[in-house]
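Colleague: missing the sequence, but the structure's below:
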């Protein structure tokens, strides 16, 4: 790979992909598009503006925004002058904002608009290091990013910028990403140019290198998963459209007709659930044909489908799955899935429908990808996260923990040498904290989080994530947390998929007026018990869920049960639903 620093992408664009439309994002409902020249000019002017404001190499600058094309301008502008970009989730608590602002020693903050600004301004008086604040959207009385660009255009210092860029090495820290964390305060992961570029280098050949292709970006760019792929799209010269509001994804897919998207399993589950809800409303031969098609999709294999299966699949793709394709823009071929375990049956049915679902695995600390299913011969195995990247090594420690080594492993935690040392084995391997196995084909299979495994009163070990993932395969169960440490048996707190429950009730001429009423309904509780029994039948005797309780609300990032990457905040859930916990034991 000819790139050694991330901002070298700009030179690559200038020489290889001087496109009239590189980025697109919606403003007031209309697509606004930007060319390669817009990108390069804006990024340089941001660098000049920051330099004029006195920003020095190593200074930290925070951005808090939903996805938008201008994020790239800021990102490149920050890194070209040697500063460090600290992108932060737009949906964390004010306490976390206060901590990150002060811990990162940030000099400037960029926020998306009025809603975020109103939250941020409350903590600014307690963050004396913050010197300036800019917004991406026009807001009365607050400086806009365009003013910084204008400042830079009037104070261009090309020779000084070149000197700064020439002094930046691949080993220099380019970003600090604060992990959302399921417990405790966030930790700042320091990643270098080399860390992230090593991941781009190992990934860019997986999709086609065709600059006519379109990618759609809707997962937060502040997460290194979407961010690395964003750089990979740029390396391949793709046109990238950004979705600022997650509620408009469906419209954006239809309008932009992407070839590739990056998502989390929950979105695929949601698409699947809505399709199944439609199928339940069918009657007679249409209903029979629908369920026959779905069950055929669940049996899909990458290799080894016989002629009879392939003939049936041809029929199903023509009459059923074609509608899936049309609903997702008609051009979507690659779906990259990460961030959580993907149900095997979902991977199979989306492949059957003509979408190549590539499930991968990694952590913020590994920039992020460690392993991913891909198009190399034999490199896709359902139920696994694929083989390791070519420049990354993995091993399984004696206690089952996955450990890795490679150029993608972080430089360390910012101002936290103690935790940094704890994350590495004596011989220098990074400890992921996840439990897994390597299959006979050399693919990695994740089974649980090491810290989440617990013992019951009888001394039996329980791996909750395995059971939780099985429970979530039920269309009735949106989220579940398995508990029972030092108790006689495992139990579960369950958050229902209220959308599915509602459509199921309607099909049975049942009604409920509130979620509260639904969780108390004996028919619904009986059906959830039946779903749990299905899972229990696949578990060892000591793993089986003996009791469960239902929460009346859906768990979310906003309500506090989930991290921004949709992982369970176990401690908070236990505290929030302590009365339900007491009923379980």
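Modeller: Looks like it arrived, so ask away. Here the structure is a predicted model, which is why all the values come from computation and not from measurement.
Colleague: Skipping adjacent residues, who's closest to the residue nearest in space to the middle of the chain in space?
Modeller: Nearest to the mean C-alpha position of the chain, by Cα atoms, centre = their mean, lies residue 339 at 4.8 Å. Nearest non-adjacent residue to residue 339, counting by Cβ to Cβ, 6 or more residues apart in numbering: residue 264, 4.3 Å away. C-beta: built from backbone N, CA, C; applies to glycine.
Colleague: That neighbour contacts residue 335, doesn't it?
Modeller: No: using Cβ atoms under 8 Å, residue 264 is not in contact with residue 335, being 10.6 Å away.
Colleague: who has more neighbours, these two?
Modeller: More neighbours surround residue 335 than the other of residue 264 and residue 335, with 22 against 18 (other Cβ atoms under 10 Å).
Colleague: Any idea how far the helix or strand hosting the more buried one is from the middle of the chain?
Modeller: Using DSSP states H and E, residue 335 sits in strand 334-337. The chain centroid and the centroid of strand 334-337 are separated by 11 Å, computed with Cα atoms, centre = their mean, to the nearest Å.
Colleague: neighbouring strands for it, and are they parallel or not?
Modeller: strand 260-263 (parallel), strand 356-362 (parallel) (DSSP bridges).
Colleague: I'd like those strands as TSV, with distance to residue 570, mean neighbour count and mean pLDDT appended.
Modeller: Output for the strands paired with strand 334-337, formatted as TSV (distance: least, Cβ to Cβ, whole Å; neighbours: other Cβ atoms under 10 Å; pLDDT from 0 to 100):
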stretch	distance to residue 570	mean neighbour count	mean pLDDT
strand 260-263	24	25	96
strand 356-362	21	24	97
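Colleague: Mind putting the ones you listed into TSV with distance to residue 53?
Modeller: Formatted as TSV, the strands paired with strand 334-337 follow (distance: least, Cβ to Cβ, whole Å):
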stretch	distance to residue 53
strand 260-263	34
strand 356-362	35
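Colleague: what pLDDT, on average, does the strand holding residue 335 get?
Modeller: Model confidence over strand 334-337, given as mean pLDDT, is 98.
Colleague: can you count the residues close to residue 185?
Modeller: Neighbours around residue 185, by other Cβ under 10 Å: 12.
Colleague: Tally up the residues packed near the closest residue to it other than its chain neighbours, please.
Modeller: Using Cβ to Cβ, 6+ apart and skipping the chain neighbours, the partner closest in space to residue 185 is residue 99 (5.8 Å). Residue 99 is flanked by 18 other residues according to other Cβ under 10 Å.
Colleague: which helices and strands sit right next to the helix or strand where residue 99 lies?
Modeller: Element membership for residue 99, per DSSP H and E: helix 94-103. Applying 3 or more Cβ pairs under 8 Å, 6 or more residues apart in numbering; DSSP states H and E, we find helix 94-103 packed against strand 60-64, strand 84-88, helix 114-123.
Colleague: What mean pLDDT does that helix get?
Modeller: For helix 94-103, mean pLDDT is 94.
Colleague: Just want the angle from that helix to strand 84-88.
Modeller: Interaxial angle, helix 94-103 versus strand 84-88 (axes from the mean of the first three to the mean of the last three Cα atoms, to 10 degrees): 170 degrees.
Colleague: got the contact list for helix 94-103?
Modeller: Outside helix 94-103, the residues that touch it by Cβ atoms under 8 Å, 6 or more residues apart in numbering are 62, 64, 86, 88, 106, 109, 119-120, 122-124, 126-127, 129-130, 178, 185-186, 188, 414-415.
Colleague: Please pick the buried ones from those.
Modeller: 62, 64, 86, 88, 106, 109, 119-120, 123, 127, 130, 178, 186, 188, 414 (16 or more other Cβ atoms under 10 Å).
Colleague: what residue ranges in the chain are flagged as low confidence?
Modeller: 1, 180-184 (pLDDT under 70).
Colleague: What is the three-state secondary structure of the closest residue to residue 465 other than its chain neighbours?
Modeller: Counting by Cβ to Cβ, 6+ apart, residue 465 lies nearest to residue 448, which is 4.3 Å off, once chain neighbours are set aside. Secondary structure, DSSP: H, G, I helix; E, B strand; the rest coil: residue 448 is strand.
Colleague: any chance you could map the helices in the stretch 1-150 of the chain?
Modeller: Taking DSSP state H, counting those that start in this stretch as the criterion, the stretch 1-150 of the chain contains helices spanning 8-16, 36-52, 70-80, 94-103, 114-123, 145-154.
Colleague: The fifth one vs strand 60-64, what angle?
Modeller: I take that to be helix 114-123. 140 degrees.
Colleague: Equivalent analysis for the fourth one, please.
Modeller: With the same axes, to 10 degrees as the basis, helix 94-103 and strand 60-64 are set at 160 degrees to each other.
Colleague: buried residues in helix 94-103?
Modeller: For helix 94-103, a neighbour-count test (16+ other Cβ under 10 Å) marks 96, 97, 98, 99, 100, 101, 103 as buried.
Colleague: now do the longest one
Modeller: The neighbour-count criterion (16+ other Cβ under 10 Å) identifies 36, 38-51 as the buried residues of helix 36-52.
Colleague: With stretch 282-291 instead?
Modeller: Buried residues in stretch 282-291, counted by 16+ other Cβ under 10 Å: 289, 290.
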